[in-house]
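Student: everything below, folded, please.
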Amino acid sequence: MNQEEEKERIFLELQAEIQAGLEAYERGECIPLEEVREHLLGSDSKALFDKLQEEVDRCVADMEKGNYFTKEELMKRYGLE
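Tutor: Residues are numbered from 1 along each chain as shown. The predicted structure follows:
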């Protein structure tokens, strides 16, 4: 399957999912956002989000204190070397 055919296949799948979602909405069968997030990100998505938020808060606090890191330090810190 070439790249264009793959794009078309993905588009048609997404289109079918959107259509099914609209039909479910019209029938009053809406799925709570929390369930959608859990389905897409896994059951530990809240814990992952909370961990990310803590990291962001820590970085902002560091910046407010005048503590900055070089690109190399951050790459090492996050294992991106």
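Student: quick one: end-to-end distance for stretch 20-35.
Tutor: The first and final residues of stretch 20-35 sit 17 Å from each other (Cα to Cα, to the nearest Å).
Student: what's around the closest residue in space to R77 that isn't next to it in sequence, how many residues?
Tutor: The spatially closest residue to R77, leaving aside those adjacent along the chain, is F69, at 7.2 Å (Cβ to Cβ, 6 or more residues apart in numbering). No exception for glycine: its C-beta is placed from N, CA and C like everyone else's. Other residues near F69 come to 13 when the count uses other Cβ atoms under 10 Å.
Student: for F69, give me phi and psi.
Tutor: Reported as degrees, to the nearest 10, the phi and psi values for F69 are phi -120, psi 150.
Student: find me the pLDDT at it, would you?
Tutor: You'll see F69 listed with a pLDDT of 83.
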